[in-house]
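>>> Below is the structure, and that's it, no one-letter string:
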């Protein structure tokens, strides 16, 4: 069954879109990520204009992450104090990102920058997580005790000013660190059309030293607010948010997210991180391949405003 | 609208049956619909063009969408990866273009007439905004045509105008689901001995109607409210799913 999308200005199959939503929602619930690094390229691939894919995905992410965040909140797995500090940075970052996106589109380089950021960010994060989860799985097999929690922040993190106590995460750290992490993620939301969970989750674990139990919930909470901000900004400035497309993706997404959140409970932290790492590396590899291989047509066209 | 259309059809048939009565009019044509309505279920549509001719000759139909500006970019290899290196902007590029003819174009119309009337993608007057050497422009032009054809918005082939008897003709024009909205021009030419003997231009409006039109208008007129509603819907969907699944 075909449905005409009023903002994207084309017809797509409803069931295909629902299926996409379910798959991405499942990953979202399982890993505490938005799944945008999969959904945005897929939407562009099936013909949705670039700007519409990015903006609409931000809108869809609100639903998927809100449903996931609520599920984690009931289990008391959200550190709101940490989330709020990161949000301040997130607002600064997304404003900067919207401006960058506009400039890069004008120069015709936005797609290249997006692909390159995907390859670099996903590749690095994937490799880091894969090696870490591999090491900790090996250590468990040998019945070695896990690393002690105290004093695990790197030296440069410990000497920063404005230290704050985050009770839920039981850490004491400079507020500048979550602020910068939040700002970086805000830029990614605006430019790459992703929630940024795939970078926020490892940053929370490795840089902030938060316990894995609260990482997913806090990450989802922060994504809800940032994506709402991006949705509003895009609706206001570019009119590229397609509510019909978003709604279809949401229905699939919320179903998948619930199933994913349940599946995640039965998995160990390092297993989740290992699986996520493999997924990130697969996407990074595919995008790198597309950049290196000679395209079928070296020319491309785009409708340009006056 | 329907009455008028029936009337035109009757005139067309009458003029075909009674050649003496319609000698003044060598060509009459009309569309099955002057409005293509893009509704929520829109997945592309056919519009039937039909008409009648007086005397010998061949029919050529050109359908043009509203003009737009297109930027053609060329990728080149930089440090192992492909990057957009150069670009050329064309103004006044038809957003949609399709030709139909009752025979082979080069036999029907002289090269001069085809160029003058912009019949066939090779005859479109695509002029870059910034002047460049002819060889480069030709390369970018060819790329523009190739990409437009790949999008399904420019006809790769000349569609067939079917003749019914000696005078009546009909042709189906297909508009894909990604068709741009706006006012289209449907030009019908009657050629004889390579020259135009008669011509007629009919407008065709393609626009969104119903829910999709209202959503589009609302998103542009009340952008802030639209954004707020989009967020509210998403939050409600997320909360509803969470509430439902807690009980399962």
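Arrived safely, thanks for sending. Computed from a prediction, not measured in an experiment: that's the story for all the values here.

>>> Can you get me a residue count around residue B:74?
Residues within reach of residue B:74, counting by other Cβ atoms under 10 Å in any protein chain shown, total 17. The C-beta positions use only the backbone N, C-alpha and C, and glycine is treated the same way.

>>> Tell me what it is bridged to.
residue A:299, residue B:86 (DSSP bridges).

>>> Please determine how far the most centrally placed residue in chain B is located from residue B:55.
For chain B, the residue sitting closest to the mean C-alpha position, by Cα atoms, centre = their mean, is residue B:96 at 3.5 Å. Counting by Cβ to Cβ, to the nearest Å, the gap from residue B:96 to residue B:55 is 31 Å.

>>> Same question for residue A:99.
64 Å.

>>> So which bits of the host helix or strand of residue A:133 are buried?
Assigned by DSSP states H and E, residue A:133 belongs to helix A:110-141. Residues A:110-119, A:121-123, A:125-126, A:129-130, A:132-133, A:136 are the ones in helix A:110-141 that count as buried (16 or more other Cβ atoms under 10 Å in any protein chain shown).

>>> Can you spell out which helices and strands pack onto that helix?
helix A:36-45, helix A:80-107, helix A:176-192, helix A:197-206, helix A:269-292, strand B:81-94 (3 or more Cβ pairs under 8 Å, 6 or more residues apart in numbering or on different chains; DSSP states H and E).

>>> quick check: angle from the longest one to helix A:110-141?
Using axes from the mean of the first three to the mean of the last three Cα atoms, to 10 degrees, the interaxial angle of helix A:80-107 with respect to helix A:110-141 works out to 150 degrees.

>>> Now do helix A:80-107, average pLDDT.
Mean per-residue pLDDT for helix A:80-107: 85.

>>> what does the third one give?
Averaging pLDDT along helix A:176-192 yields 84.

>>> how far does that helix sit from the chain's center?
In terms of Cα atoms, centre = their mean, to the nearest Å, the centre of helix A:176-192 is found 11 Å from the chain centre.

>>> if we can go back for a sec, roughly how far does the closest residue to the residue nearest to the centre of chain B other than its chain neighbours sit from residue B:240?
Nearest residue to residue B:96, sequence neighbours excluded (Cβ to Cβ, 6 or more residues apart in numbering or on different chains): residue B:65, at 2.9 Å. Going from residue B:65 to residue B:240 by Cβ to Cβ gives 42 Å.

>>> Neighbour count for these two, which is higher?
Legend: neighbour count by other Cβ under 10 Å for residue B:65 and residue B:240, higher for residue B:65 (23 against 14).

>>> re earlier: now the very next helix or strand once past the helix holding residue A:133: buried residues?
Following helix A:110-141 in sequence order, the next helix or strand is helix A:155-158 (DSSP H and E). Neighbour counts using 16+ other Cβ under 10 Å place residue A:157 of helix A:155-158 among the buried residues.

>>> Let me know the average pLDDT across helix A:155-158.
Mean predicted confidence for helix A:155-158 is 70.

>>> Can you name every helix or strand that that helix contacts?
Where contact means 3+ Cβ pairs under 8 Å, 6+ apart, helix A:155-158 is not packed against any helix or strand.

>>> List the residues that contact residue A:35.
Shown in contact with residue A:35 (Cβ atoms under 8 Å, 6 or more residues apart in numbering or on different chains): A:23, A:24, A:25, A:27, A:28, A:64, A:195.

>>> if I look at it, how far off is chain B?
14 Å (Cβ to the nearest Cβ, to the nearest Å).

>>> List the contacts of stretch B:34-41.
Contacts of stretch B:34-41 (Cβ under 8 Å, 6+ apart): A:2-4, A:6, A:244, B:1, B:45, B:47, B:175, B:179, B:181, B:202-213.

>>> Buried ones among those?
Buried members of the contacts of stretch B:34-41, counted by 16+ other Cβ under 10 Å: A:3-4, A:6, A:244, B:45, B:47, B:175, B:179, B:181, B:202, B:204, B:206, B:208, B:212-213.

>>> Looking at those residues, which are in helices?
Using DSSP state H, A:244, B:212, B:213 are the members of the buried ones among the contacts of stretch B:34-41 that sit in helices.

>>> With adjacent residues omitted, what lies nearest to the second one?
Translated: residue B:212. residue A:6 (3.8 Å).

>>> ok, now residue B:88?
Residue B:88 sits nearest to residue B:140 (Cβ to Cβ, 6+ apart), 4.5 Å away.

>>> my read: that neighbour touches residue B:128, true?
Yes. Residue B:140 lies in contact with residue B:128 (Cβ atoms under 8 Å); the separation is 7.0 Å.

>>> Touching both of those two, which residues are there?
B:88, B:90.

>>> Could you check which of these two is surrounded by more residues?
Between residue B:140 and residue B:128, counting by other Cβ under 10 Å, residue B:140 is the more crowded of the two (22 against 16).

>>> List the residues that contact that one.
With Cβ under 8 Å, 6+ apart, residue B:140 has these contacts: A:299, B:72, B:74, B:88, B:90, B:128.

>>> give me that answer again for 7 Å
By Cβ atoms under 7 Å, 6 or more residues apart in numbering or on different chains, the contact set of residue B:140 is B:72, B:88, B:128.

>>> from these, which is closest to chain A?
Using Cβ to the nearest Cβ, residue B:72 is the member of the contacts of residue B:140 that lies nearest chain A, at 5.2 Å.

>>> buried sites along the helix or strand containing that closest one?
If you go by DSSP H and E, residue B:72 is part of strand B:67-78. By neighbour count on 16+ other Cβ under 10 Å, the buried set for strand B:67-78 is B:68, B:70, B:71, B:72, B:73, B:74, B:75.

>>> what distance separates the lowest-mean-pLDDT helix or strand in chain A from the middle of the whole chain?
Ranked by mean pLDDT, DSSP states H and E, the weakest helix or strand in chain A is helix A:155-158, scoring a mean of 70. Centroid separation for helix A:155-158 versus its chain: 26 Å, with Cα atoms, centre = their mean.

>>> What of stretch B:121-133?
The answer for stretch B:121-133 is 20 Å, by Cα atoms, centre = their mean.
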